[in-house]
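**Q** Dropping the sequence and predicted coords here.
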Amino acid sequence: MGIKGKNKVAPEDEQNLTEKEKFGKPVKYDPTFKGPIANRGCTDVICCILFLVCIVGMGGVGFIAFTTGDPWTLVYPTDSRGQICGVSEAVQDKPMLFFFDFLKCASYDTLLEFKCNTPQVCMSACPNKTYSPYKDLFFGAVAPALLNFDDFICDYDFDPATEYATGDYQGLDGLFLMMEDDRCASYYLPSSPLADRCVPSFLTDALTNVGDVFTSNDSFIYTANGDNITGSNAEELFSNAVNLFLELQTLVQVLYEDLVASWHMVLIGLGIGMLLSFIWIVVMRWLAGVIVWGSLIGLFAALGFGVYYCWIQYSALEGVAGADSDFEFSSNLLSYLRLQKTWMAFGITLLVVLSLLVLITLCLCNRIRVAISLIKEASRCVGGMISTLFWPILPFLLQMLVITVWVFIAVFLATSHTAKYTVVDAESDFPLANGTVCDEANFTSYYGEMNFTARCQFQSYEVEQYVLYLQIYNLFMFFWLMNFCVALGQMTLAGAFASYYWAFSKPQDIPAFPLLKSFYRSIRYHLGSLAFGSLIIAIIQIIRVMLEYVENKLKGKDNMVVKFVIKCLKCCFWCLEKFMRFINKNAYILIAIYGDNFCTSAQNAFFLLMRNIVRVAVVNKITDYLIFLGELCVTAIVGAASFFFFTNQITFVGEYVTVPQLNYYWFPIILICVGTFAIAISFFSVYDMAVDTLFLCFLEDLERHDGSAEKPYYMSKDLMGIVGKKNKKEVPDD
C-alpha cells in the first residue's frame, strides 16, 4: 500500500528527483552567507608546496644554464675554430667574420643560419677592394715573385710568404695548392659588415652595383674551385643572396620610417579602441536584447527569403526542357542549378532548418531572456567596478615576466654546448676519414708532420643529452606559470563580481575595494588551488607538444595506422584541454566565493552546471556571440577610421591633425587593428568573467533561496520576473 498524506511523492516527481541527484544535491540555505566568505583557510597546501619547489627547480635550471651557456654564440659570428669574433681572447680585436668563398654561402639556408661550408676567419675590418690572386697566377697576369703577400687573407698562423719561400708550399704549384687547400682565400670582393659578417657590398649597399666589383685590371675572377665570376654572371650567381638582403633591408628600412612618422597616431588609435571597448560594455545593458533578438529575426528572415527564392527558381524552371531530369554526375556544377530537383532540395533543407530554429527558439525563449538579463547585469556590474577593466594589465605583466624568464633560460640552455670539430679535406690514405670527430688542439701535433691536406675544422656546437631534459622541464614550467597567471586573474575577478551579486542592496552593500580584497584572498589562501588547476592544463599542453613532436618525426613515414592514432590523440587532448579550461574557470569562481579546495569546487561547479545544462548552453553561446560581435565591431570601427584617416579621406580632421606621409599606409593600420583587437579581447575577457560569475551566483541563488522574508533572492527584479520568482518582502536592489 502507498503512503497517504502530504509526504506522498508522485512517481514522475520521484524520477525527476532521482535524475537531479545524479549531479549532487542543491545548495541549502545558509543564514550566515553574505557573499565571498572572509574566514577561510589555505587550500591544496601540498600542491602549493610542490609549485614553489618547482619554481625553485626552475631557478636551478636557470643557474645551470647561466653558468654553462653562452648566448653570444647566437649573436656574434664564429670562425672555423669555434672562436667568437670580437669576444674570444685570441680574436678580441677582430670583430668581423670573413668567408673564404662566399659563393658557398649564397643560398637562403646558409644566409639564415649564418654559416656555410667554407673556412671562416675573424678580421679587424672587411676587405674594401677586389683581389683574385688565384686568377692572376693561373692566367700569368703576375709573376709569383711580384705577388704582394700582404694582400692575402689566410688562416691564422699561416704566413704565405714564408710557406712560399721555405715551407710546404714552395714555387708556383705551392701557391696554387695553398689556395686549393683553403689555407688562403683565392679571391675576395669589396665587402660591408652585415651582422658582423663580411658580405659583398653589392648585396647590402643599394648604392653599389655588381659592376663596381670589377675594374679594368680585374674584369673577372677565377676561383680555386673553378668558378668563373664576371660582371655578367655575378648577379646570377649571387641572386638568392641579392634578393634576400636587398628586399629585407629595403622593407625593414621603409617600415621603420613609417613607424617613426606615425607612432603617435597608432597610440591614439589604440586609445580610441580602448574607449570604444569600454563604451560597448557599458551600453550592452541596453543593446543586448536588441542585438540578440535582432540577430534571430534577421536569421529567420534570411532563411525565409532563401525558401522563397528556391520556390521562385523552382517555378521558373517549370516546363523548361530537361529541368525535370534526375541527378547525374557532372563536373559542371552550374548544370545542377538548371534542375528543379536541386531547388526543391535546397528549399526543403532551408525550410527544415528554419522550422527547427523557430521551434528551438520558442522552447528556449525564457532561457534566452535569462541570458540577456544576465548580460545586462554584467554590464552594470563592470560599469560599477571600472577598476576591473584594467585588472588584466597585472596578469599580462606577470605573463611577460614569465615569457622573459623562460626565453632567458631557453636561450642559455640552447647555448650550453661544446664545440665539435671534424676532419675536412682528408685524402683517401689519411688515417681519419672526412667527418670524423677530431681534437683541434692536438690535431697539428699528431698529424702535422704527415704533410696531408686534412684539417681539423670547427663544425658546430653539440648539446649534451641532459640539456634536452632541462629544456622540457623549462617548457613545462612555462606552461604551468602562464596558466597560473591566467587562473589568478580569473579568481580575482570572480571574487570581485561575486561581491557585487551577493550585495542585497546595490551599490550600498558592495564592500569597499572588492577587487583588492579578492586578490588578497587568492594570494593568501588559494595559491595551491591555483597551482592545482594550472598544473592540469600544463600537463595536457606538454603532452600535446610531445604528440606534435612525434607527428613531426613521422613525416615521410608510411605507417598510416600510427599517424591515425596520433591524429586521434591530438584531437582528444585538444578537446580535453578545452573542457578542463571550462571546468577550471567555474571552479575558480566557487573557490573565490566559498574558499573550498580545487577538487571540491570543481565537482560542485560541474554538478551545478549539469543540473542547469540547458541554461548553461544558452548563456554560454549567447555570451560568446555577443563578445565576438563586440570584439569584431570595435576592431572594424577603429580599422575603418584608421583607413580613412591615413588615406586622407576625412578632410575635416586634416584641419586639426596632420596626416603623416607614409610609404605603406597599411602598416600603421595593421598595427592599430591588431592592437585594438588585443585590447578588445582583454576588456571583453573581463566582461565574459562577469557573466560567468553572475550566472553561477544566479544558479546558486535559485537553489539557496525561496523568496521568503528569511530567504530572499539576491537577483535583480528583471531576472526574478523572467524566472517567475519574487521576494515577499521586496527591498530595492538598485
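**A** Ah, there it is. Numbering: from 1, shown residues only.
**Q** after the helix or strand encompassing residue 541 comes which helix or strand?
**A** Secondary structure assignment for residue 541, by DSSP states H and E: helix 527-553. Per DSSP H and E, the first helix or strand lying C-terminal to helix 527-553 is helix 560-594.
**Q** next one: that following helix to chain centre, how far?
**A** Remark: helix 560-594 is offset 19 Å from the chain centroid, using CA atoms, centre = their mean, to the nearest Å.
**Q** Give me the packing partners of the helix holding residue 541, helices and strands only.
**A** helix 45-68, helix 465-501, helix 560-594, helix 598-610 (3 or more CB pairs under 8 Å, 6 or more residues apart in numbering; DSSP states H and E). Heads up, the C-betas are built off the backbone N, CA and C, glycines and all.
**Q** element containing residue 288?
**A** helix 239-316.
**Q** For residue 423, which three-state class applies?
**A** Classification of residue 423 by DSSP: H, G, I helix; E, B strand; the rest coil places it in strand.
**Q** Would you quantify the distance from the nearest residue to residue 530 once chain neighbours are set aside to residue 188?
**A** Distance criterion CB to CB, 6 or more residues apart in numbering; nearest residue to residue 530, sequence neighbours excluded, is residue 487 at 4.5 Å. Look at residue 487 and residue 188: by CB to CB, to the nearest Å, they are 59 Å apart.
**Q** Those two: who's more crowded?
**A** Between residue 487 and residue 188, counted using other CB atoms under 10 Å, the more crowded position is residue 487 (28 against 25).
**Q** show me what contacts the more buried one?
**A** 530, 533, 534, 584, 588 (CB atoms under 8 Å, 6 or more residues apart in numbering).
**Q** Residue 187 reaches residue 129, doesn't it?
**A** No. The pair residue 187 / residue 129 is not scored as a contact, 11.2 Å apart, by CB atoms under 8 Å.
**Q** quick one, which of these two is more surrounded?
**A** The neighbour comparison of residue 187 against residue 129 (other CB under 10 Å) goes to residue 187, with 24 against 12.
**Q** Excluding residues flanking it in the chain, which one is nearest that one?
**A** Once flanking residues are discounted, residue 187 sits nearest to residue 132: 3.9 Å by CB to CB, 6+ apart.
**Q** The one you found reaches residue 186, doesn't it?
**A** Yes. Counting by CB under 8 Å, residue 132 touches residue 186, with 7.0 Å between them.
**Q** just to revisit the earlier point, and the helix holding residue 541, how far out from the chain's middle?
**A** Mean C-alpha position of helix 527-553 versus that of the full chain (CA atoms, centre = their mean) differs by 16 Å.
**Q** Now do that helix and helix 465-501, the angle between them.
**A** Here helix 527-553 points in a direction 130 degrees away from that of helix 465-501 (axes from the mean of the first three to the mean of the last three CA atoms, to 10 degrees).
**Q** going forward, begin numbering at 24 instead of 1
**A** Sure, I'll start numbering at 24, so the last one becomes helix 550-576.
**Q** in helix 550-576, what counts as buried?
**A** For helix 550-576, a neighbour-count test (16 or more other CB atoms under 10 Å) marks 550-565, 567, 570 as buried.
**Q** any idea whether residue 64 is helix, strand or coil?
**A** Strictly by three-state DSSP, residue 64 counts as coil.
**Q** Just give the number of residues close to it.
**A** Around residue 64 there are 9 residues (other CB under 10 Å).
**Q** how close does it sit to residue 100?
**A** From residue 64 to residue 100 the distance is 59 Å (CB to CB).
**Q** got it, and residue 526?
**A** 65 Å.
**Q** quick one: which of the two has more around it?
**A** Comparing residue 526 with residue 100 by other CB under 10 Å, the one with more neighbours is residue 100, at 24 against 19.
**Q** If you drop the residues flanking it in sequence, what lies closest to that one?
**A** residue 120 is the one closest to residue 100 (CB to CB, 6+ apart), at 3.5 Å.
**Q** Now the one you found: phi and psi?
**A** Phi and psi for residue 120, reported as degrees, to the nearest 10, are phi -100, psi 130.
**Q** any idea how far it is from residue 591?
**A** 49 Å.
**Q** quick one: which of those two has more around it?
**A** Comparing residue 120 with residue 591 by neighbour count (other CB under 10 Å), the higher total belongs to residue 120, at 27 against 10.
**Q** so what's the backbone phi/psi at the residue nearest the centre of the chain?
**A** In the chain, the centroid-proximal residue (CA atoms, centre = their mean) is residue 426; its distance is 11.6 Å. Per-residue torsions, residue 426: phi -60, psi -40 (degrees, to the nearest 10).
**Q** Run through the residues that contact it.
**A** Per CB under 8 Å, 6+ apart, neighbours of residue 426: 501, 505.
**Q** so can I have a markdown table of the contacts of residue 510 showing pLDDT and distance to residue 630?
**A** Formatted as a markdown table, the contacts of residue 510 follow (pLDDT from 0 to 100; distance: CB to CB, whole Å):
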| residue | pLDDT | distance to residue 630 |
| --- | --- | --- |
| 553 | 94 | 22 |
| 556 | 94 | 17 |
| 557 | 95 | 22 |
| 607 | 94 | 16 |
| 611 | 93 | 16 |
